[in-house]
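> Below: sequence and its predicted model.
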Amino acid sequence: AVVVAGAVGALSEVMGDLARAAGATERLFDLLATEPDIRAPADPKPLPQPAEGAVRFDNVVFHYPSRPKDAALNGLELEVRPGETVALVGPSGAGKSTVFQLLLRFYDPRSGRILLDGVDIREADPAAVRARIGIVPQDPVIFSTNAMENIRYGRPEATDAEVREAARAAHALDFLEALPQGFDTFLGEKGVRLSGGQRQRVAIARALLRNPPLLLLDEATSALDAESERAVQEALEDLMKNRTTLIIAHRLATVLNADRIVVLDAGRVVASGTHAELLRQEGLYARLAALQFDQRTAGAAVV
Ligand code: ATP
């Protein structure tokens, strides 16, 4: 409650890093009602059932409040159909994380609309929007509590058995059971420090517990050890099954597995297609692919 004084938009701006913002999503959304610009409508439109996690950005223009002259999104058109996996790629500053921030309604567009399951998210209850979205951030937050509670954070009413099942599906059971006190082991700054790949699998387990129709995945840029790399990749593939997924992709394996790749540059879509199609165009994507994708993970993708 200490942060209530600042606008939520400003807060997430100060935090900058989407990972931190995502870690605090629950609390941020609780605060949204107090933020003058981003508030729940008096008579919110219900989101349709069943939840499909369909996304549409309809000519979205957005400027961060601190940089009113620079468009972070400049007429973005993006559609993700139910069950589809779309990989977002683009140079630094292209607007990839901004897409996530707006979907989570940390900010509202200056113009254009963002639809979730056909409803303009400004007309829906922010809590209902949030309930349909799961996030796996690049560098997930691990709380100062035990492993069981760290995963249960994804869905506080989950039973111990459900938490363990999510950990298993996230390929995290082996390393968690091997901790000194297993699931009772205290994690975080004053506890056992997890590796990057292990933190990601904890975040995947949280997301599995939530079981959201729409998944936002910000893939790690840093290389993981080979064993974690494989475990994380397999866990992500399971997580993405049967749901709509939007990924900020850094791994070759990920773009090869995506249904579609969307290339962003300067806040708009400049190309879209499969990896092979985009390479043939010899444009921005081909240059990015050569520079950006960690070639060491290519093997996992072509099996
Ligand atoms: P990267 O790959 O480096 O993470 P990105 O494609 O995710 O880049 P964004 O972070 O969405 O790009 O940034 C889009 C534009 O908005 C950039 O010009 C960036 O400098 C600006 N921007 C991003 N976050 C903020 C913020 N919190 N406040 C002000 N400007 C921002």
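Cool, the structure landed. In this text the structure is predicted, and so the values were computed from the model without any measurement.

> what residues does the stretch 1-150 of the chain put near the ligand?
Residues of the stretch 1-150 of the chain that fall close to the ligand, judged by C-beta under 6 Å from any ligand atom: 13, 16, 64, 66-67, 70, 72, 90, 92-98. For glycine as for every other residue, the C-beta is placed from the backbone atoms N, C-alpha and C.

> Out of those, the closest to Arg113 would be?
Closest approach between these and Arg113, by C-beta to C-beta: Thr98, at 15.5 Å.

> Is that closest one within a helix or a strand, and which one?
Here Thr98 sits within helix 96-103, counting by DSSP states H and E.

> which one of the residues of the stretch 1-150 of the chain next to the ligand is nearest Leu278?
Nearest to Leu278 among these: Gly90, at 11.8 Å, using C-beta to C-beta.

> can you count the residues close to that closest one?
Around Gly90 there are 24 other residues, counting by other C-beta atoms under 10 Å.

> All further residue positions should be reported with the first residue as 7.
Sounds good: first residue 7 from here, last item Gly96.

> what's it sitting at in phi/psi?
phi 160, psi 160 (degrees, to the nearest 10).

> Quick check, pLDDT for the residue nearest the centre of the chain.
The centroid of the chain falls nearest to Leu222 when counting by C-alpha atoms, centre = their mean (2.8 Å). pLDDT, Leu222: 95.

> list the contacts for it?
Neighbouring residues of Leu222 by C-beta atoms under 8 Å, 6 or more residues apart in numbering: 106, 109-110, 139-142, 251-253.

> Could you do Thr151 as well?
By C-beta under 8 Å, 6+ apart, Thr151 lies in contact with 192-194.

> Would you tell me which one of these comes nearest to the ligand?
Gly194 (25.4 Å; C-beta to the nearest ligand atom).

> Setting aside sequence neighbours, what's the nearest residue to the closest one?
Ser150 (3.7 Å; C-beta to C-beta, 6 or more residues apart in numbering).

> hey, where'd the strands end up in this structure?
Taking DSSP state E as the test, the strands found in the chain are 61-68, 79-86, 91-95, 117-122, 125-126, 139-142, 220-224, 250-254, 266-271, 274-279.

> Direction included, what does the shortest one pair against?
When you say that, I think you mean strand 125-126. Strand 125-126 pairs in its sheet with strand 117-122 (antiparallel), by DSSP bridges.

> Burial check on Gly114, number of neighbours?
That one is not Gly; residue 114 is Asp. By other C-beta under 10 Å, neighbour count at Asp114 equals 15.

> coming back round to it: the residue nearest to Gly194 against Phe192, yeah?
Yes - contact criterion C-beta atoms under 8 Å: Ser150 and Phe192 qualify, at 7.4 Å.

> Tell me which of these two has more neighbours.
Using other C-beta under 10 Å as the criterion, Ser150 and Phe192 rank with Phe192 on top: 16 against 12.

> Excluding chain neighbours, what is closest to the more buried one?
Asn152 (5.4 Å).

> tell me the contacts of the residue in the stretch 107-256 of the chain positioned nearest to the ligand?
Nearest residue of the stretch 107-256 of the chain to the ligand, counting by C-beta to the nearest ligand atom: Ile254, 6.6 Å away. For Ile254, the contact set (C-beta under 8 Å, 6+ apart) comprises 94-95, 102-103, 106, 144, 223-225.
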